[in-house]
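J.: My questions are about this predicted structure, shown below with the sequence.
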Protein chains: 4
Amino acid sequence: MTRRKKIANSIDDGGLGIVVVVVIVLYLINLTLETVPSLKKTHEDIFESLEIGFTIIFTIELIIRLAVYERPVKYLFSVFGVIDVLSILPSLVGANSLALRVLRLFRVFKLFRSRRMVRAIDEIKAAIWDIRSDLVLFGFVVLILLYLSAVGIYMFEHEAQPDKFSSIPASMWWAVATLTTVGYGDVYPVTLGGRVFTAVVTLLGIGIIAIPTSLVTNALSKAKKRTRKQDVT
Amino acid sequence: MTRRKKIANSIDDGGLGIVVVVVIVLYLINLTLETVPSLKKTHEDIFESLEIGFTIIFTIELIIRLAVYERPVKYLFSVFGVIDVLSILPSLVGANSLALRVLRLFRVFKLFRSRRMVRAIDEIKAAIWDIRSDLVLFGFVVLILLYLSAVGIYMFEHEAQPDKFSSIPASMWWAVATLTTVGYGDVYPVTLGGRVFTAVVTLLGIGIIAIPTSLVTNALSKAKKRTRKQDVT
Amino acid sequence: MTRRKKIANSIDDGGLGIVVVVVIVLYLINLTLETVPSLKKTHEDIFESLEIGFTIIFTIELIIRLAVYERPVKYLFSVFGVIDVLSILPSLVGANSLALRVLRLFRVFKLFRSRRMVRAIDEIKAAIWDIRSDLVLFGFVVLILLYLSAVGIYMFEHEAQPDKFSSIPASMWWAVATLTTVGYGDVYPVTLGGRVFTAVVTLLGIGIIAIPTSLVTNALSKAKKRTRKQDVT
Amino acid sequence: MTRRKKIANSIDDGGLGIVVVVVIVLYLINLTLETVPSLKKTHEDIFESLEIGFTIIFTIELIIRLAVYERPVKYLFSVFGVIDVLSILPSLVGANSLALRVLRLFRVFKLFRSRRMVRAIDEIKAAIWDIRSDLVLFGFVVLILLYLSAVGIYMFEHEAQPDKFSSIPASMWWAVATLTTVGYGDVYPVTLGGRVFTAVVTLLGIGIIAIPTSLVTNALSKAKKRTRKQDVT
């Protein structure tokens, strides 16, 4: 194995890969703390220096990758290559808007690049692929359920609470908050009809919303069994 | 295959069927946006024109169906036929009240008419039919649980919060919001007794409410296994 | 079969049994509506008449049962016999306090007396009995979890919100509302420490709270399989 | 069996063990009630006496253990030995601060010391060990999901509600309360973008948050099957 290949392996799965992960986590912590107003105000210069530092590190990382990979151009146009470029470009050209900063966030997905993770993700992908038709059907059922719930509650509550259930789209917000059982409490029915409707819809609907989750879980446990059998064979 | 039959197939499963689905989705979007007060005010004429347009399209669709189906009268009295008629009738006679508009909403179920969907729905129906006796039993248990919870909280909280827990029916609203874990926060116990009662009821009750959901999920996964075995044989 | 035995069978599983169930449901509806202040005020005389009517019907029912059963004394001291006596006694002696009325509520359990229900309930009982040791362990774990969560949040939030997290018992209320994911929103942490603690506790705890439910569901589906195998054999 | 050994067995699994458990439960009740301001004020002397009493009992317990165990020094440095020392030390040296009192709380874990419990806990440990790699992966996925949700809602809501979504860490609180479906209602989106984002994130996210729970439950039921097979063999 040539030295170039060794570094390429190391940066993907070995020691250098761990360094990359650590740097990304530090970068995310930096990005997170930068949004805290009290910290931002008192330590603005530190955040600016760190920003420059991270840009330099990420640029060096990209250069090393392009230097050691066998097909640098192919990497540059792969998902991770694009993420790499997008995450350093804004700082290089001096731009620092919120929208551009978000692009850099995708760097977090690089955390999933280790060989082990990739295998686990492939397993999950295969499991979900197996039940794609059911997921589409139930995803569709969930959408219809949310829509009909919104229309129903709109009819019952629109007159009593015209500001909260002002329209069907506004009532959709109630439907999502209720059927996911989050229940913030910012919108809730007050009329008798609206409450009876809510009772029926939640008692029936929560079960329906839970079905896709169960489908995914079942598919995952089946996929695991299959993998184990293959390992045995 | 005659030309008539070809169109009949196309409108149910083929290219024309997709057109019908697209039109229905557009119609629902139109219906939804029409309820937004700000849009309604500024674009009332557009909504009125669209309403007329959709009525024309749905009328043409119905006429085509009646022309190409072998038994047009039978279709007219089937579920989807009735929906078709009800969804165009109000606009034809010039009526446009809220109650009539709801009838047109049932058009959404036409989305489930493709052959693939029908098979998936049959599978679900069979799965639920298998566990109908358990579902009835647990549906019944859930109702009793909601009722006894409402009676209990009414006894504990009625004196402390006579406006919120004014009666057993009013307390039922609390029972539904709590045992489904939605928890809007509009009604909650404040007395020690009421809180201890709530703790006991939720810790025991949430599990009971979840049982019908689990039953349905289990039945679905069993039904799928069965279908696959049949496909193999 | 003697006529006496025929009536005894009919009142437990046959036509008379259905009459009894219908009367109980009507009685519960009456009891429920009686708590609605607006109805109570305007129709007090009707409720009083109905109360007398139901007492007469229940008394006749008890007399018939004692007359047709082979061992009337044994019935009188069985669970349902005691419920029968308790549900008519208060009205007979003219008392009508809230506490006594509650006794009459237990009549609702008579709804579970039909032979079919009894078998289903036995199945559930057997399923729960199978996993009794796990249920005790996890019930215990849930209690400890609730207790430690309450102690933790008390330490973090007591100073910031001395009125809401006034003591460990008061904090238990928060723990129940949070870990069951009901989340009324009447008490919630406001300090950084309290919020981090809540995040850790909920992310770990919700799964633990869900385990007893899963155990019961699994046990039920196993019990069903067993019953079917026995039916085949 | 020598008398020493008999006492050692009794204190771990037999009659003395039950006494220890009862004392710990009483101690926890005392600790809990002590935090209730109204009780603390009126009965301070009683709580102080009880504190002294419990310290004496726990000290005697520790002395007995050290006297009857074969390797007292090894016990002293085991988890439970350290808990024993820490739970009596503060009172012995006269300190009674909140932080030290918490140490004594760990005594609650002594409740899990009976032989039966230890076996059940070992079973759970083995089950969790089996799925450790999946748990790490999904724990990681959940963290990323919470983080990205927080960043997303921060971008949508920061301007509209700068006090509630002041920073990404503050938005994390919203993400935890929402994705666990607790939904206190202290923070919720108000902008259209924020609400659409919340709908997408909750509908997808709740299922993902539920996966680790399902994994644990599945692993537990598998572990039980295995144990039963071993018992049969």
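T.: Right, received. Where do you want to start?
J.: What degree of burial does residue A:212 show, as a neighbour count?
T.: Close neighbours of residue A:212, defined as other Cβ atoms under 10 Å in any protein chain shown, add up to 21. In this view, the C-beta of every residue, glycine as well, is placed from N, C-alpha and C.
J.: Once you drop chain neighbours, what's closest to it?
T.: With sequence-adjacent residues excluded and distances taken as Cβ to Cβ, 6 or more residues apart in numbering or on different chains, residue A:212 is closest to residue A:138, at 4.8 Å.
J.: Is stretch A:147-160 in proximity to chain D?
T.: No - in terms of Cβ under 8 Å from any Cβ of the partner chain, no part of stretch A:147-160 sits within range of chain D; the closest distance is 11.1 Å.
J.: Over to stretch A:41-61?
T.: No - with Cβ under 8 Å from any Cβ as the threshold, stretch A:41-61 lies outside contact range of chain D, at a closest distance of 11.8 Å.
J.: List the buried residues in that stretch.
T.: Of the residues in stretch A:41-61, those buried by neighbour count under the rule 16 or more other Cβ atoms under 10 Å in any protein chain shown are A:50, A:51, A:54, A:55, A:57, A:58, A:59, A:61.
J.: Need the three-state assignment for the last one.
T.: Using DSSP: H, G, I helix; E, B strand; the rest coil, the three-state assignment for residue A:61 comes out as helix.
J.: contacting residues around the residue nearest to residue A:212?
T.: A:208, A:211, A:212, A:215 (Cβ atoms under 8 Å, 6 or more residues apart in numbering or on different chains).
J.: if we go to 10 Å?
T.: Neighbouring residues of residue A:138 by Cβ atoms under 10 Å, 6 or more residues apart in numbering or on different chains: A:131, A:145, A:208, A:209, A:211, A:212, A:213, A:214, A:215, B:120, B:124, B:220.
J.: How many residues are close by residue A:226?
T.: Applying other Cβ under 10 Å, we find 14 other residues in the vicinity of residue A:226.
J.: Likewise for residue A:188?
T.: Neighbours of residue A:188 using other Cβ under 10 Å come to 25.
J.: Same check on residue A:169?
T.: Applying other Cβ under 10 Å, we find 17 other residues in the vicinity of residue A:169.
J.: where's the residue of chain A found nearest chain C relative to residue B:198, distance?
T.: Residue of chain A nearest chain C, by Cβ to the nearest Cβ: residue A:185 (5.3 Å). Computed as Cβ to Cβ, to the nearest Å, the residue A:185 to residue B:198 distance reads 16 Å.
J.: out of those two, which sits in the busier spot?
T.: Comparing residue A:185 with residue B:198 by neighbour count (other Cβ under 10 Å), the higher total belongs to residue B:198, at 28 against 23.
J.: Now for residue A:161: which residues touch it?
T.: A:153, A:187, A:188, A:189, A:190, A:191, A:194.
J.: Which secondary structure state does the second one sit in?
T.: In terms of secondary structure, residue A:187 is coil; the call rests on three-state DSSP.
J.: Counting neighbours, what do you get for it?
T.: When counting by other Cβ under 10 Å, one arrives at 21 neighbours for residue A:187.
J.: need the contact list for it.
T.: Per Cβ under 10 Å, 6+ apart, neighbours of residue A:187: A:153, A:157, A:161, A:163-165, A:170-171, A:173-175, A:177-178, B:184, D:188.
J.: Correct me if wrong: residue A:129 contacts residue A:219.
T.: Yes - because the distance of 8.9 Å satisfies Cβ atoms under 10 Å, residue A:129 is recorded as touching residue A:219.
J.: which residues are common contacts for the two?
T.: residue A:135.
J.: And these two? Which one has more around it.
T.: Regarding residue A:129 and residue A:219, a neighbour count based on other Cβ under 10 Å identifies residue A:219 as having more, with 21 against 11.
J.: what's the helix or strand for the more buried one?
T.: For residue A:219, the host element (DSSP states H and E) is helix A:192-232.
J.: Off-centre distance for that helix?
T.: Centroid separation for helix A:192-232 versus its chain: 20 Å, with Cα atoms, centre = their mean, to the nearest Å.
J.: Low-confidence bits of chain A, can you list those?
T.: Filtered on pLDDT under 70, chain A yields the residue ranges A:1, A:13-14, A:94-105, A:107-108, A:110-117, A:228-233.
J.: Please, where are all the helices along it?
T.: A:3-12, A:15-34, A:37-42, A:44-68, A:72-76, A:79-92, A:98-105, A:115-130, A:132-157, A:168-179, A:192-232 (DSSP state H).
J.: residues in chain A within reach of chain C, list them.
T.: A:181, A:182, A:183, A:184, A:185, A:186 (Cβ under 10 Å from any Cβ of the partner chain).
J.: what about the fourth one, neighbour count?
T.: It stands for residue A:184. Close neighbours of residue A:184, defined as other Cβ under 10 Å, add up to 26.
J.: cool, the last one as well?
T.: For residue A:186, the tally of surrounding residues (other Cβ under 10 Å) stands at 17.
J.: and the residue of chain A most remote from its centre, what does it touch?
T.: With Cα atoms, centre = their mean as the measure, chain A has its most outlying C-alpha, relative to the mean C-alpha position, at residue A:192: 39.3 Å. Each residue near residue A:192 by Cβ under 10 Å, 6+ apart is listed here: A:156, B:169, B:170, B:173.
J.: I'd like the domain boundaries of chain A, if you could list them.
T.: The record, using automatic domain parsing to delimit domains, assigns chain A the ranges A:3-112, A:127-232.
J.: among these, which is the most enclosed?
T.: A comparison of the domains of chain A by mean neighbour count, using mean count of other Cβ atoms under 10 Å in any protein chain shown, puts domain A:127-232 on top with a mean of 19.
J.: so how far is that domain from its chain's centroid?
T.: Domain A:127-232 sits 20 Å away from the centroid of its parent chain (Cα atoms, centre = their mean).
J.: and the gap between the residue farthest from the centre of chain A and chain D?
T.: Plainly put, residue A:192 is 23 Å away from chain D if you go by Cβ to the nearest Cβ, to the nearest Å.
J.: And for residue A:22?
T.: The span separating residue A:22 from chain D equals 15 Å under the rule Cβ to the nearest Cβ.
J.: Repeat that for residue A:18.
T.: Applying Cβ to the nearest Cβ, the value for residue A:18 to chain D is 15 Å.
J.: show me what contacts the residue nearest to residue A:191 when sequence neighbours are not counted?
T.: Nearest residue to residue A:191 in three dimensions, chain neighbours excluded: residue A:160, at 4.9 Å (Cβ to Cβ, 6+ apart). With contacts defined as Cβ under 10 Å, 6+ apart, residue A:160 is in contact with A:189, A:190, A:191, A:193, A:194.
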